[in-house]
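> What shape does this take:
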Amino acid sequence: NQHPRSERPRRSLFSVPGADQRKITKAQSLNADAVVLDLEDGVAYDKKDDARRLVQQTLSDTSQDFGSSELCVRINALDTKDMALKDLEAILPCDRLQAVVVPKVETASDVHFVSRMIGSHCAEDRDVRIIAAVESALGMLNIREIAKTAMDMNASAAKLDALVFASEDYCADIEAIRTDEAMEMLYARSQLVITAKAYGLQAIDMVHIKFRDLESLKEECDGGRQMGFTGKQAIHPSQVDIINEKFCPSARDFEFALRVVKEYETTTAEGNGACVVDGIVVDMPVYKWAVKICTRAESAGMNA
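This is a model prediction of the structure:
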């Protein structure tokens, strides 16, 4: 049974601790593109069972309305063995689950394992996707094989849909010194974007850890957008609206892209290969850029 692979907007990926009902309730009113109920780092070791029960209950309780947000769960890392298995067995039967965030992905087999678990625990008509977080030097070295799973799997299998860059774990793993400029992560972030785009995946940028500093969040969003990231992780409610706005095309870019598409299509229909819009030569690469801007703008609900 093949699913149409419609793209789900994931400008903001908002994480909420799975053991905290108050924060889960708050997440329902935030308009995040994706809400991630966290069973991993956001939950103390002795609260894992409580969190699993609460997350299962949240997924099953339709009176808890998350609006248009995609409902995701971040499981414990696969190297925790039993813990990750219990997470998957608890959440996969829940019809409202839309994606599994897999932390600390280091090999393609991590993705294949979660895909098989989804296949054996979910009805065929469900479209549960996989979001892989890359958090280590080894994960970064194997990122191409990890991303390639999106192409490898048979048509009906649950597929990888996005790559997430997990900055803090990555820096700890390679013993980088964390700076505000984040130059120590430029290579890894670029590598993740390039690999994601090569295999048709979304690329989701790092958490802005100084969550009270909204001005520097805006700058970091701009930097991520310029690099090609399609969205960003959020850990505080005040970050969500800023991230949503920053990972939308600006009204100016959207308006320009619409004119580029129209002019170029008219020009090529007349047998010419390029045209000029606002003093810029528009050929096929610029046209492709414009089409992507229009698609992203429309999926974010912007009107022409």
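> Now Leu97. Its backbone dihedrals?
Reported as degrees, to the nearest 10, the phi and psi values for Leu97 are phi -70, psi 130.
> correct me, but it touches Gln56?
No: assessed by Cβ atoms under 8 Å, Leu97 is found out of contact with Gln56, at 9.6 Å. All C-beta atoms are positioned from the backbone trio N, CA, C, and that covers glycine.
> Common neighbours of those two, please.
Applying Cβ atoms under 8 Å, 6 or more residues apart in numbering, one finds that Leu97 and Gln56 are jointly contacted by Ile91.
> Compare neighbour counts for these two and give me the winner.
Legend: neighbour count by other Cβ atoms under 10 Å for Leu97 and Gln56, higher for Leu97 (23 against 20).
> got a list of what the more buried one touches?
59, 71-73, 91, 128.
> Can you name the residues bridging to the residue most central in space within the chain?
The centre of the chain sits closest to Ile204, judged by Cα atoms, centre = their mean, with a distance of 4.6 Å. Beta bridges link Ile204 to Val164, Gly231, judged by DSSP bridges.
> So that it lines up with my notes, have the first residue be 26 from now on.
With 26 as the first residue, the last one maps to Ile229.
> mind listing what it touches?
35, 38, 156, 187-190, 254-258.
> mind listing what the nearest residue to Tyr312 once chain neighbours are set aside touches?
Leaving aside its chain neighbours, Tyr312 sits nearest to Tyr289 (4.5 Å; criterion: Cβ to Cβ, 6 or more residues apart in numbering). Residues near Tyr289 by Cβ under 8 Å, 6+ apart: 299-300, 307, 311-312, 315.
> What's the mean pLDDT across the host helix or strand of Tyr289?
Element membership of Tyr289 [criterion: DSSP states H and E] is helix 276-294. Averaged over helix 276-294, pLDDT sits at 93.
> swap in stretch 299-314?
In the prediction, stretch 299-314 has an average pLDDT of 93.
> can you give me the helices in this protein?
46-52, 73-85, 107-116, 133-146, 162-166, 168-177, 192-199, 211-223, 239-252, 262-271, 276-294, 309-324 (DSSP state H).
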